[in-house]
Each structure stands twice: as structure tokens, then as C-alpha cells.
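In: Next comes the sequence, and after it the predicted model I'd like to discuss.
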Amino acid sequence: MKKITENWVLPSARRSILYFVFIVLMFILLIGGNKDKGLRVIDLRTEYRVNPLGIGTPVPRLSWALDSDSRNCTQRAYRILVADTEEDLENEVGSLWDSGKVQSSETLNIPYAGIPLKSGQKCFWKVRVWDGNGRVSDWSETAFWETALLEPDDWQAEWIYDGKPLPKEEAEFYKNDPAPLFRKSFILAQKPVKARLYISGLGYYEAYLNGQRVGDRVLDPGWTDYARRILYSTYDVTTLLQKGPNCLGVVLGNGWYNPLPLRMWGRLNLREYLPVGRPCLIAQLHISFADGSCYTVVSDSSWKVHDGPILRNNIYLGEVYDARQELHGWNTPGFNDSAWKQAVSAPNPGGRLEPQSQPPIRIKEEIRPRSISEPRPGVYIVDFGENFAGLVRLQIKAPRGTKIRLRYGELLYPDGTLNPMTSVCGQIKGLRNDGSPIGGPGAPEVAFQQDEYICKGGGKEVYIPHFTFHGFRYVEVTGFPGPLKPEALTGLRLHADVENAGSFICSDPLFNRIQEMTRRTFLSNLFSVQSDCPHRERFGYGGDMAVTCEAMMMNFNMATFYAKAVRDWQDAAFPNGMLTDTAPFVGIQYCGVGWAMIHPLLQAELYRYYANRRLIEEQYTTSRRWLNLVDSHYPDHIVTEGLGDHEGLEPAPVATIVTPLYAQSARILSQLASILELKDDVVKYKKLFQDIQRAYLGRFLEHGTGKVRPHTQATQAIALGLDLLPRKERARAVQVLIDKIKKEYHGHLSTGIFGTRFLLEVLSRAGQADLAAEIVRQTTFPGWGYMLERGATTLWEHWEFSDNTFSHNHPMFGSVSAWFFHWLAGIQPDPQAKGFDKFSIRPQPVRGITWVKAEYKSVRGVIRVFWKRDKEKFMLKITVPPNTRAKVFMPTSNVTSIREKGKSGRELPKKRAWKVGTGYAVCELGSGTYIFSSIYK
């Protein structure tokens, strides 16, 4: 036998070892280390915001989205790194938190679980994920957040004001009361490496450092109940400071904290319902240096104060600015303030200070005049071509003392002069029988929106009002010297800086114009509350919000805006638990359940759209107290008080409209309880829903006919839309509705805000999308097309044209935009969705529409739909984001005609097998881009 030598054995052993190592490495690469270059982690957010300053919680929630070209891409695990320096992150060191590899498919609202955070701490973070096949992505781009002042004791500053008393008589409020200027000088021994300004001013403020404006926010802070909650903003002001002398300056406006005692509608005085006081501010400037030392500037009585050039300012009546009173350099170091008075410690407004998290208000667009006319000598009318909310920029060169008046309105009279009557504050028009103003002592006879500017002379002057805004299309200019040229006046569109989330366009130009009109109306009414109109009232009405919130969320990212609204309603709640019609509460309390239900409704929608469970945990008790109170007030479960189908054309008793909304509220409470795993409450509110449903059907349903008394479009649509009818009555009820529309209203609607919210959806769900489209397409009264035919560029408050009373910029009929997205395009969140993780794509082919293109940026990624119809062929192209599932309804009259990349519907893989439905074939898909075609007759 041949002797086996050592020289022969060792190479074989080495080969075995190397082979074993190779197998292990390949296994690691395949299972845990194989990077999927097509899988990307994008859109990192903290508390729904991108790289935010001023996060107010020590346990912020982190979210991201995925991007991949692969089909059926899911997340199996993630790893988060959080560090206090970018260098640590680059070295993959989570000095504040390393989550490790967490087995989870969740990408939204992962709570920070690292080293406890301090106030003003900047945290850098990144994330990587593993997909369903175990492949790992690259690390995301680095994101950051920075905490605000987390504890009340972190505030060293105090509230200060000018020390002046409030007027004792109402008429005195209308006299000149200059907006105060505050300044604080300080010296820095070295150039800062970091500086943060934390500031709030009631009602509004503008801040300056060394003569430069701090930030680009306007009308800040957001409006809240100042006795309960006051918002402050955080600014990075590092680059605005210098070694040596510095100056921090602040000017204050009245805003909602010091409103005029206007008697809106002749009776409502906001000063009797809002927390009020003299304008005041609180500011804290934290400065850090390279050597580790710090310096803090705080608001206190060492500050100086002086009257400024804004002589009067009011949310409704506008501003008077006298440029002759300007103090050049007042907000710069070196200014001589020896004649200024000392600031005074102010009474605490009462509310807790919280960092502002909703999008700030900004100037978002400049609008050039479309035309300028002179209907009377020296009276110019500037037409901006569209109705919007905001301000104007005036540019003028005129002698000292020249007074320019700008008056705003939505319409013109037949002679071409301004008709401001639809935008007058609180319908304050004229005098009482005794000759006194309707608006109360000292109030103007007509509460116009207007601004006045008094020139200082000596060259070109530029003026933008500071502490007001207006809703208008036309501006009447008087006092302007010489011909008014277009460059003299520029419109400035203002609104909350919400991100665009959705877009919709189709082959029908009228539908596109309605969508554009609706979006313009929405933006006109998004400031720090979603208002009913941007001029006459400007209040946050719950009913208006309830019928438009889904349309808003399909168009814009409303995650933080609506969370603020929910908290506004909690702040406004009465001690007994009753929720109000408006938030902040302004004294209006007659609308009832349909308005108060916005509090639980928004919680449910914010969960479906954005997966905001923490808000439900915070707010659920408030909703439960309210519903229990309503339940105790109506033991027979029929609600007989409140406002019904507001602005409907067919009269209907309040009970037949509001009782279904009460039932919906009970259903929502059961859903919220289920999310929170409160089993007893789930059962309780399901039973309450059933009890309300039973009482409602017993009182209003004519059994066997499908008719819901008193047989209006609204009562039929609401009963069907809220799924309150027995199954055997639904088809009859739909037919009753169809007959009402076709026979009595000749293809038009007759509904108010709640009926309209459900009408188009109910018809589309019942296979009557053509009829829904016919309603939308009408250009005669009543309808959206009729508004456009009468020259509207924004939605009206009333279906009829009004030249004296009703607003022409009112979002409450904007639910039509949700129909465009949910039904024409077909993008619908699942009823049980958590942050759009499940949704349907259910396009509705309708007569006259040959193609539709829509896009929605959900919190999990972008959903895209494009469909095209050509004779008997239907093509559908869709994109489903990673980590989501879509139920796709493919319009077809023959399931075997469905093709995708040349395969027939019956040849598709089993997981994508089509199920046949009425007019559709249905299948469930994972992520990816798909192009389907079918025969559709």
C-alpha cells in the first residue's frame, strides 16, 4: 500500500478548509450581507418632518420609505443608527442609539430608544433595511433632528410687553395703537459655532438679528387657545451673529390675542371668548462657542421698547403703516435707544409653551396683475385673475405724507368698481336703526378688508403688510399718484407650507379646472387652522373639515397640520366633555355633532393615512368623554339638535342628517378602541352604533321601498354612504337616489356639504359612475361647473351666485377632489389601513373620459395610476410602492382578455390570479410597476 505522506495530506486539508470558508462566506452574503443595489431607503422623517429643528418629545418617532424597481419588495428587518456627530455615523457608530438588526416590516413611527436626550440636542441618524429575501440595502443618506426645550424649567426667559394698559372703552380699540418694537443689545467675545433662537409672540411677531429678518415665516406663531397652549418656533441663527456688538429686535402684532371688539353679525365679540391681552413676547437665544462655553440672551425687563410705524393692525380690518415713523436701524447694534422705555414683565398668558410642529405660513407665490382699470378718476382696480389669500407688495415713489389705501374684494359691480361685500368681516355692513354701528362702538360702518400706507418720501418705497392677510381677487387702490402700472402691485399668495402629496389630471378640461379650483380654495384656507373662508370669518369649523379632510389629504401632506387641529379641539373642550363647533373656540356653538365629530374622525383618518397611533393614545379619552355625553343627552339615540346638511337645496330635518353622523362617530370610536386594544370599548361602541342604527332605521326608513325620509338626495346618499341600510334595502335606496337625480333634478345634485361628501362615492360604488360624472360635468345651476361658468376661480359657500352675502372662497364643497382621486383614478386607502399599507386601485371608466393620470405620495412611497380607454380597449399602468399591498380592480368585460407582458389573465402566477367581479377582475399585488390591458365594452 502506498504510504500517505504529510506533504500529500496537508494540501487536501487546506482545500477542505478553504472550501468550507467559501461556503460560509457565500451563505453570509446570500442571507445577510448581499446588498440589493436596487433597494433604497429614502424620505427619512422625524415626527413626520424632514430634518426638523425644535422636536418637543424626548422619544421622537422615526420613519422612512423604500424605493425599489423590484416587484414584491418588502422589508424584513431594519437597523437604525443615531449619533451626536456625523463622523460617528460615517464610521457606523451609533453613539446615541444602535437599534441592532430588528426583525420588522414597519417603516413608520419607530420610537427612539437610545440614550436620553437633552434640550437643544442635535441627533444625526440613518437606517438600512433587509428585504424579504434577506438582501441588505446601502445605508440611507444622513438625516437629523434637534430637540427643542424639553422641560418647562429650560425656559429662563419671561414674557414681556410694552406696559400699556388695554383700553377701557370699546371705541378706544379703534384708535391708533402702534405695534411695539423691542430690542436687546449684547456683545459676544467670539464668533458662535451654534446659535438657536426660541421665540413666541402673541398675537404675532417678526424677529431680527443685526438688522436681518430671522426666518421666512409670517403670521407666526400658529393660532391656538393661548390659555392652554402657546406655540413657539426654533431658528438656526448661527450665521446672523457676529463677534462684538449684536442686537436682537422683535416687533409684535395683535393677531388673535388682541382682536378688536367687532360685533360680528352684530352680536359676536371675539374678546368675550378668546384669551386676550396686550401683545407680548418670550424669547431665548442660546449661543455656543468653539471653546465649549455658552451665552444666553433672554427676554426680560432689561429689553428696550418703543412705538413703531405700524399704527394699527387687525386680522380683519388690515393695517395702517406710517413710513414717516420708521426708526432706521432700530434692530441693529449701535442704534441709540436712550429715548426708549424699559420693557415690562407681562402677565403670563397661561398656556404651556410647546414647539410648533405644523407647517409654518410662508409667502409661496407672487401673482402679477392680469389687468388694471380706472372706473373712476383716481380709483384703480387691479385684477389678479384669481381669488386667493394673502397680501400685496406695493412699490411707490411719492411725496412725503401721500396716503395710499388698498381695499380688497372678490367681485366687481357692473360699473367696474370694487364689490367687497362677500368678504366683509362678520357681515358688518351699515348701521342699526338707532344710527349706531352694527359692529359696536367705534367700529366702521362697513368692516372692509383694507390696508393704508403713508409715504415717507425721498425715493422708492416698498410696503408689505405685516400682521394681517386678506382673501381677494381685486384690489381697489386710491391715493396713488399718477397712472398705476402693473409693477406697482404684486399679489403674494400665503398659506401653510404643506407639501404637495397628490396630483390629478384627465382628458376632460372641465374636471381639471374643478380640481385646480378646489386646490386653490384649499390653500386659501390653510393658515394655522383650516378655515371656512379667508376673509369674512377665518374660523376652524369642524363640519367643513369633516367633509373635506380626505380630499385635503389626497392633495397635501396633512400629517402635522391635522394633528395640531385635533389638539385644538381637545383644548377647546368644555369641562363637561362637550366638543365645540370651532377650534380654537370663538363662541359659536349651535352646529352640533356633525362639527364636533371632527375630533375622533381626524384621529381615524390620521391613522389610515399616516399611521399616527400615538395621537390616538393621547386623544382617545377626550373623544370618549364627548360621545358618552352625547349618548346621555339623547337616550332614544335620535339627535334633534344642530346643523344638518348645511347649504343643501332640499330641506330635511336635522335628525335625519345628524343621527347618521352620530352613528358614524360611534363606529369610529369602536375602531379607535380596537387600535388601542381596548376590548370593552370596542364592544361598547359597536353596540352603541347598532342601537343608533336601529333607532334611525325605525324612525326614517320606509321599509320595503329603500326610501329614507324625507326622500332627499342627501338622506339617501348619507344612509348609503355610511352603510346604515339593511342589505335588502340598498339596491332600492340607490334607485330612489338615481330617480331623484335624473327625474327631479335633471342630472344635478341638491345636496349640502354632508350629502355631497357621500353622493358621488355612493353612485360610483353602485356602478353609477357615469351619473356621478354627469353631476360633476354640469355647467348649469347647481354645480361646480356652474361656478366656473359664472367666473369662479375658487369654490363658493353657496351653490347660487351671491354678490352680497356668501363667500366665494369656501372649501366645504371640495369633497369632489376626493372623488377624482378615489374613484376616477381609483386610489383608495383600505378601511383597515395603517399608513396606506393596504389600498385599492379601482379606476372608474366613465363616458367622455378617455384617460386619467394621478399620483399620490403616501408615507410609504408614491402610488401612480394611468389609465387609457380607446374604443373597446382599456390600458392600466400602476406603480405600487415597496412594502405595501394593492387590491387592483381591472375594468374588463372578459377576464381572459387581460394581458400583462403578453400573458393572459388565466396564465398569471397563482398569487396574482384574477377574481371575476361585476365589470372588474380583481387581484392583489405587491410592489412594482405593472401594465395591464383588457377588452372593456
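Out: Ah, there it is. Numbers count the residues shown, from 1 in each chain.
In: how near is residue 194 to residue 237?
Out: 10 Å (Cβ to Cβ, to the nearest Å). Any C-beta I mention is one placed from the backbone N, CA and C, and that applies to glycine too.
In: quick one: which of the two has more around it?
Out: Counted by other Cβ atoms under 10 Å, residue 194 and residue 237 do not tie: residue 237 has more neighbours, with 23 against 17.
In: As a check, name the ranges of all strands in the stretch 451-600 of the chain.
Out: For the stretch 451-600 of the chain, the strands defined by DSSP state E, counting those that start in this stretch occupy 461-463, 470-478, 489-496, 502-506.
In: Indicate each strand paired with the longest one and its parallel or antiparallel sense.
Out: Strand 470-478 has the following strand partners under DSSP bridges: strand 379-396 (antiparallel), strand 403-409 (antiparallel).
In: Can you give me the buried ones in that strand?
Out: Within strand 470-478, the residues that qualify as buried are 470-477, counting by 16 or more other Cβ atoms under 10 Å.
In: Just give the number of residues close to residue 413.
Out: When neighbours are counted by other Cβ under 10 Å, residue 413 registers 13.
In: got a pLDDT number for residue 38?
Out: Residue 38 is assigned 83 on the pLDDT scale.
In: neighbours around it, how many?
Out: The number of residues packed near residue 38 is 13, by other Cβ under 10 Å.
In: Use 162 as the first number from now on
Out: Renumbered: residue one is now 162, and that last one reads residue 199.
In: Would you mind confirming that it makes contact with residue 229?
Out: Yes - with contact defined as Cβ atoms under 8 Å, residue 199 reaches residue 229; the gap is 5.2 Å.
In: Are there residues contacting both of those two? Which ones?
Out: Common neighbours of residue 199 and residue 229 (criterion: Cβ atoms under 8 Å, 6 or more residues apart in numbering): none identified.
In: which stretch among the strands of the stretch 612-761 of the chain comes nearest residue 233?
Out: With Cβ to Cβ as the criterion, residue 233 lies closest to strand 663-667 of the strands of the stretch 612-761 of the chain, at 24.9 Å.
In: packing partners for that closest one?
Out: Other helices and strands packing on strand 663-667, by 3 or more Cβ pairs under 8 Å, 6 or more residues apart in numbering; DSSP states H and E, are helix 670-685, strand 1012-1019.
In: Which strands and helices lie in contact with the last one?
Out: Put plainly, it is strand 1012-1019. If you count contacts as 3+ Cβ pairs under 8 Å, 6+ apart, strand 1012-1019 packs onto strand 663-667, strand 1022-1031.
In: Redo the ones you listed as a markdown table? Include mean pLDDT and mean neighbour count.
Out: A markdown table is the format used below for the helices and strands packed on strand 1012-1019 (pLDDT from 0 to 100; neighbours: other Cβ atoms under 10 Å):
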| stretch | mean pLDDT | mean neighbour count |
| --- | --- | --- |
| strand 663-667 | 99 | 21 |
| strand 1022-1031 | 98 | 20 |
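In: Compare those strands and report which one is nearest to residue 457.
Out: Residue 457 lies closest to strand 1022-1031 among the helices and strands packed on strand 1012-1019, at 43.0 Å (Cβ to Cβ).
In: Now tell me what touches that closest one from outside.
Out: Here strand 1022-1031 makes contact (Cβ under 8 Å, 6+ apart) with 226-228, 986-988, 997, 1000, 1002, 1004, 1006, 1010-1018, 1035-1045, 1047, 1088, 1090, 1097.
In: Just the buried subset of those residues, written out for ChimeraX, thanks.
Out: In ChimeraX, this line selects whichever of those come out buried by 16+ other Cβ under 10 Å:
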select :226,227,228,986,987,988,997,1000,1002,1004,1006,1010,1013,1014,1015,1016,1017,1018,1035,1036,1037,1039,1040,1041,1042,1043,1044,1045,1047,1088,1097
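In: Let's see which of the contacts of strand 1022-1031 end up in helices.
Out: Of these, none are assigned to helices by DSSP state H.
In: gap between the residue nearest the centre of the chain and residue 334?
Out: With distances taken as Cα atoms, centre = their mean, residue 719 lies nearest the centre of the chain, 3.7 Å away. According to Cβ to Cβ, residue 719 stands 36 Å off from residue 334.
In: can you list the strands of the stretch 612-761 of the chain in TSV and add distance to residue 348?
Out: Listed next are the strands of the stretch 612-761 of the chain as TSV, based on distance: least, Cβ to Cβ, whole Å:
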stretch	distance to residue 348
strand 622-624	32
strand 631-639	42
strand 650-657	37
strand 663-667	51
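In: looking at these, which is closest to residue 442?
Out: Per Cβ to Cβ, nearest to residue 442 of the strands of the stretch 612-761 of the chain: strand 650-657, 21.9 Å.
In: got the buried residues for that closest one?
Out: 650-657.
In: related to what we said a few turns ago, save the helices and strands packed on strand 1012-1019 as CSV, and put in distance to residue 313 too.
Out: Output for the helices and strands packed on strand 1012-1019, formatted as CSV (distance: least, Cβ to Cβ, whole Å):
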stretch, distance to residue 313
strand 663-667, 40
strand 1022-1031, 39
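In: In terms of pLDDT, where does the closest residue to residue 1054 other than its chain neighbours sit?
Out: Computed as Cβ to Cβ, 6 or more residues apart in numbering, the closest residue to residue 1054 that is not its neighbour in sequence is residue 1098, at 4.7 Å. Listed pLDDT for residue 1098 reads 85.
In: Would you check that my belief about residue 1098 contacting residue 1035 is correct?
Out: No - using Cβ under 8 Å as the test, residue 1098 is too far from residue 1035 to be in contact (9.6 Å).
In: Would you mind naming the residues that bridge with the closest residue to residue 232 other than its chain neighbours?
Out: Nearest residue to residue 232 in three dimensions, chain neighbours excluded: residue 1089, at 3.4 Å (Cβ to Cβ, 6+ apart). Residue 1089 has the following beta-bridge partners by DSSP bridges: residue 1041.
In: roughly how far apart are residue 1089 and residue 502?
Out: Distance from residue 1089 to residue 502, by Cβ to Cβ: 68 Å.
In: can you check residue 510 too?
Out: From residue 510 to residue 502 the distance is 22 Å (Cβ to Cβ).
In: The two: which is more packed in?
Out: Between residue 510 and residue 502, counted using other Cβ under 10 Å, the more crowded position is residue 510 (19 against 15).
In: how many other residues sit next to the closest residue to the more buried one other than its chain neighbours?
Out: Spatial nearest neighbour of residue 510, excluding adjacent residues (Cβ to Cβ, 6+ apart): residue 387 at 4.7 Å. The number of residues packed near residue 387 is 24, by other Cβ under 10 Å.
In: thought residue 387 was touching residue 420?
Out: No - between residue 387 and residue 420 there is no contact, the gap being 11.8 Å when judged by Cβ under 8 Å.
In: In contact with residue 847, which residues are there?
Out: Listed by Cβ under 8 Å, 6+ apart, the contact set of residue 847 reads 827-828, 831.
In: related to what we said a few turns ago, pretty sure the residue nearest to the centre of the chain sits against residue 712.
Out: No - contact criterion Cβ under 8 Å: residue 719 and residue 712 do not qualify, at 10.3 Å.
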